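Undergrad: I'll drop the sequence and a predicted model, then ask my questions.
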Amino acid sequence: MRENFPDIVVVPMNVTKPVDIQNALQIVKDHLQKTKTILWALINNAGVLVYGHYDWQLDSQAELQVQVNFMGVLRVTKAFQPLIRQAKGKQP
């Protein structure tokens, strides 16, 4: 199936780790340069949920949700925003 969509690059990363974000950014930059294309969209959909009453959650579980669901979105968007601006794509 990959052969049907050669310009789509799926890049796994842990959004809580800045080094993962930078590695993903470099992979995308390399691909864009190699294919002479631009980045016009970013699908930034990492998310975690600890299901249950808040008072049952451990502090570490609440912290993980904030780090992934909020800070992760900010970190990834900030890292890729220059590429999206360069392409005049959609951004927040």
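TA: Looks like it arrived, so ask away. Numbering: from 1, shown residues only.
Undergrad: what's the longest helix anywhere in the chain in contact with?
TA: Longest among the helix segments of the chain by residue count, using DSSP state H, is helix 18-35. Helix 18-35 is contacted from outside by 7, 9, 11, 13-15, 37-39, 75-76, 79-80, 83, using Cβ atoms under 8 Å, 6 or more residues apart in numbering. C-betas here are computed from N, CA, C, even on glycine.
Undergrad: I'd like those written out as JSON lines, with distance to E63 and secondary structure added.
TA: Converted to JSON lines, the contacts of helix 18-35 look like this (distance: Cβ to Cβ, whole Å; DSSP: H, G, I helix; E, B strand; the rest coil):
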{"residue": "D7", "distance to E63": "37", "secondary structure": "coil"}
{"residue": "V9", "distance to E63": "30", "secondary structure": "coil"}
{"residue": "V11", "distance to E63": "25", "secondary structure": "coil"}
{"residue": "M13", "distance to E63": "19", "secondary structure": "coil"}
{"residue": "N14", "distance to E63": "15", "secondary structure": "coil"}
{"residue": "V15", "distance to E63": "14", "secondary structure": "coil"}
{"residue": "T37", "distance to E63": "38", "secondary structure": "coil"}
{"residue": "I38", "distance to E63": "36", "secondary structure": "coil"}
{"residue": "L39", "distance to E63": "31", "secondary structure": "coil"}
{"residue": "R75", "distance to E63": "15", "secondary structure": "helix"}
{"residue": "V76", "distance to E63": "18", "secondary structure": "helix"}
{"residue": "A79", "distance to E63": "21", "secondary structure": "helix"}
{"residue": "F80", "distance to E63": "24", "secondary structure": "helix"}
{"residue": "L83", "distance to E63": "30", "secondary structure": "helix"}
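Undergrad: what secondary structure does the closest residue to Q61 other than its chain neighbours sit in?
TA: Spatial nearest neighbour of Q61, excluding adjacent residues (Cβ to Cβ, 6 or more residues apart in numbering): V50 at 4.4 Å. What DSSP: H, G, I helix; E, B strand; the rest coil gives for V50 is coil.
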